[in-house]
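> task: produce atomic coordinates for the following.
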Amino acid sequence: MLNPIAFLILTILDIYMWIVIAAVIVSWLTAFNVINQYNQFVRSLLRMLISLTEPVFRPIRKVIPAVGGLDLSPLVVIVIIQTIEYAMTRWTPLVNLGW
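Below is the predicted model:
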C-alpha cells in the first residue's frame with residue numbers, strides 16, 4: 001500500500017497524462033477543422049490546455065524537433081509519466097522507503 005503522498009503524486013500524474021491526451025486530440029480536431037476555434041468555449045478550452053501543457057512540451061521540443069510535421073513531445077511526456085509511475089509503484093527500494 002502506498003503512503004498518501006505517493007498516492008497524491010500518482011493521481012496528479014494520471015490527471016496530467018489525460019490532459020496531455022486531451023491536448024493532442026483537440027489539436028488534431030482543430031488542425032482538421034472539426035471544431036470551430038472561434039467558439040468562445042473552444043477557445044477557452046484551447047487556452048487552458050495550451051497553458052497546462054506548453055511549459056512541459058517546450059523543453060522537449062527543443063531537444064526533439066517535429067519529425068515530418070509530427071510533434072513527438074506528447075509521446076515523450078506520456079512515456080516519462082508512465083516511467084515515473086512504474087518506478088513509484090513497482091521499484092522495490094522506493095517501496096521499502098515508504099513510497
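> what helix or strand is P65 on?
Secondary structure assignment for P65, by DSSP states H and E: no helix or strand.
> tell me, what residue is most central in the chain?
The centroid of the chain falls nearest to V20 when counting by Cα atoms, centre = their mean (3.4 Å).
> the strand or helix carrying that residue: what's the following helix or strand?
Using DSSP H and E, V20 falls within helix 4-31. Toward the C-terminal end, the helix or strand that comes next after helix 4-31 (DSSP H and E) is helix 40-63.
> run through who's touching the one helix or strand V77 maps to.
Assessed by DSSP H and E, V77 sits inside helix 73-90. For helix 73-90, the surrounding residues in contact (Cβ atoms under 8 Å, 6 or more residues apart in numbering) are 2, 6, 9-10, 13-14, 16-17, 20-21, 23-24, 53, 56-57, 60-61, 64, 94-95, 99. C-beta: built from backbone N, CA, C; applies to glycine.
> starting at the chain centroid, how far to stretch 3-22?
With Cα atoms, centre = their mean, to the nearest Å as the basis, stretch 3-22 stands 10 Å off its chain's centre.
> what do you get for stretch 27-39?
On Cα atoms, centre = their mean, the centre of stretch 27-39 falls 20 Å from the chain's centre.
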